[in-house]
Each structure stands twice: as C-alpha cells, then as structure tokens.
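> kindly generate the corresponding structure for this input.
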Amino acid sequence: MSVNAFSINSFPDVASDPSVLKRVEFYPQFGWLVRRDWAEEIYEAWIPEGETADWDWWLFKEVPRKQRDTLVPEVSRVIHAGSSGAHVTGFTQEHFFNHMVYNEDPNVTLRNLEDLTKERYDEIFRQEVLRAVTLSLTTSPCDGPILPEGQPGPFKLFVEIETKGDEYESFFVMQACLHAYPEEAREVYRGVLRYNLQGTVLYVVGCPLSPYCSMFTEGYHFLRPSPWLVDSALQTSIEWQTRNYPPYFLERRGAVSLEEEFRMENLLFRLSGSEPQKIEN
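Model prediction:
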C-alpha cells in the first residue's frame, strides 16, 4: 500500500538496525509515499459522507486496504516533532516521540529489498519464525531480561490474542514492558510482533490470531495477562517514559482568529502537574 519512513516502534530498546525494512499491516504515518494508481483508487473510495473518521484510520480499514501492507524501517528515517495538532500536544510529544531513535547515517544501505514482495516476504518470515527458539514466560516480562544469555536467537514466544483488538492486552503488556510504543501494537504482521532487543530478534506470536500458532509444543503456557499484570506493565511504561521529563511542555490552544494562529499567540506552557498558562511576549 505504501512505503513509510517512520516506525512507531523506533525506540532504543527494541530497534537498532537502520538497514532493515519490514512489512506491517498498518496505515502510513509521518512521511510516506504511494503509487499514483493507488492514490487514484483510494480517492474514488474515500471516507463516505456522514461517516466520522480520520483519514489515516480510514486507510487502515479492510475496505480501502484490501489486505495490502506498508513497508516500515526498523529504525525511523524521519522524526516526529511538534506540539500542536489534532491529536498531539507538547505533553504527547515528550511522552512518546522524544524517546525515539532515528537513522542519522546518510549512507546506510537498506538490505534485501528483493525479499520485500509479498510472496518472498511471507516465506522468509515463516522460515524465520519456524527456526526461532521457543521461549516460555513464567514471570512478568517487566521483571527483567526475557532472553537467555549467550544465545544468538532468534527467539519466539506465544501470547493469547483472539483478534487484532488485543482483547486480553497481551500485545500491550509486551509493548509496555519491552519499552516499545505503549498505546497499542501497530506494527503487527500476520499476528506477530517483531522486536530487535539489542541485536537479538524476538517474535511475539498472538494466538489463535496468527497463522503461525501451530509452532509450539503440546502443553505450552501462553501468556494471558491478569489485570494486575496489565496495571504493572502500564506503571512500568509510565516510569520509563517520565524519567527525563523537562520542567514544562509547550501546547497550543484553539485560536480565536487567523491572525492569532499566524502569529502563534495561542501558545501555552504547562508546568509538570499544573494547568497550562499563556506565554507572554
């Protein structure tokens, strides 16, 4: 569907190889390109009148997506920066995007581009998940390193997920504990999340959602988070995100006139834990 320059999981603990591209089942974000014929097709099938939907979430629906994927880099090639938008404030920028890493090497070479076509990628991905060493979580993934020392991997583990809705919050717990994007699991491919944990690849397979759910032995213990574990993962994520907070965040309230918007006179700053205050010239 598109080629993206941004990865929502481009955080230092789960992404480190700027030469890797991967396929994901999600919409374009923050720097992307599409083919002209796709743009013409989607223009004819745009958001129906009377339906409320952001354009990006509309592209994620199955009707316009038609099971097509988006290519994203493991390490983002662009950054998100801003404190104003329909869904982003200065707090959101600091809370999520300022922790991300991005590629700073202008000469990086993207690897294995010929393997990104659907048929080749599906086969290679299946083989990678098949050969990955199976792990079983006996404690919370927030408790510390979950990969065995001295083994190169790749590794895989299985969590309980019925649908893409992540109703048991299994993907959420993994995202939060591993210090990926904690709001939701966006970069899923065929029911699988792929992480690069300081050079070691880990596949997290959601079952029975994924077609790769047959790759476990009888008696395997699936992670199905308890309410306590979900709350613990959320707290772990908050502590990680807030460890280096600045004393205040820039925000922007709705402008009362075009002139105020143009002159950026609607900027506010919010001290940590306080109400926003207007910035005086």
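> where's residue 175, which helix or strand?
If you go by DSSP states H and E, residue 175 is part of helix 170-177.
> the protein: helices as residue ranges?
For the chain, helices defined by DSSP state H occupy the ranges 36-44, 55-60, 62-65, 90-95, 118-131, 170-177, 227-241, 258-262.
> residue 15: which of the ones you listed is closest?
Nearest to residue 15 among the helices of the chain is helix 170-177 (12.5 Å), distances taken as CB to CB. C-beta coordinates here come from the backbone N, C-alpha and C atoms, glycine included.
> and the closest one, C-alpha only, in CSV?
Provided in CSV are the C-alpha atoms of helix 170-177 (Å, rounded to 0.1, in the frame of the first residue of the first chain):
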residue,chain,number,x,y,z
SER,A,170,-1.2,-9.4,25.6
PHE,A,171,0.5,-7.3,23.0
PHE,A,172,0.1,-4.2,25.1
VAL,A,173,1.9,-5.8,28.0
MET,A,174,4.8,-6.8,25.7
GLN,A,175,5.0,-3.3,24.2
ALA,A,176,5.0,-1.6,27.6
CYS,A,177,7.4,-4.0,29.3
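> what's that helix in contact with?
9, 140-142, 159-161, 166, 180-182, 184-185, 188, 193, 204, 206, 223-225, 229-230, 233-234, 236-237 (CB atoms under 8 Å, 6 or more residues apart in numbering).
> what does the domain assignment say about this structure?
Following automatic domain parsing, one finds the domains of the chain at 2-241, 248-278.
> what about residue 113, neighbour count?
10 (other CB atoms under 10 Å).
> could you find the closest non-adjacent residue to it?
Take residue 113 and drop its neighbours on the chain: the residue closest to it by CB to CB, 6 or more residues apart in numbering is residue 21, 7.2 Å away.
> export the helices of the chain to TSV and tack on mean neighbour count?
Putting these into TSV (neighbours: other CB atoms under 10 Å) gives the following:
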stretch	mean neighbour count
helix 36-44	10
helix 55-60	16
helix 62-65	13
helix 90-95	19
helix 118-131	13
helix 170-177	25
helix 227-241	15
helix 258-262	11
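> turn those into CSV, including distance to residue 4 and mean pLDDT.
Shown next, in CSV, are these (distance: least, CB to CB, whole Å; pLDDT from 0 to 100):
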stretch, distance to residue 4, mean pLDDT
helix 36-44, 14, 85
helix 55-60, 11, 73
helix 62-65, 14, 65
helix 90-95, 19, 72
helix 118-131, 15, 92
helix 170-177, 19, 90
helix 227-241, 23, 85
helix 258-262, 29, 78
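> which stretches of the stretch 101-250 of the chain form strands?
Along the stretch 101-250 of the chain, the segments classed as strands by DSSP state E, counting those that start in this stretch run 133-134, 155-161, 192-197, 200-208, 248-252.
> and those strands: which comes nearest residue 81?
Of all those, strand 248-252 comes closest under CB to CB, at 11.2 Å.
> bridging residues for the nearest residue to residue 217 once chain neighbours are set aside?
Nearest non-adjacent residue to residue 217, counting by CB to CB, 6+ apart: residue 134, 7.2 Å away. Residue 134 forms beta bridges with residue 156, as assigned by DSSP bridges.
> ok, residue 134 to residue 142 distance?
21 Å (CB to CB, to the nearest Å).
> between these two, which has more neighbouring residues?
It is residue 142, of residue 134 and residue 142, that has more neighbours when counted by other CB under 10 Å, with 20 against 14.
> any stretches of the stretch 1-150 of the chain with poor pLDDT?
Residue ranges of the stretch 1-150 of the chain with pLDDT under 70: 53, 60-65, 83-87, 89-90.
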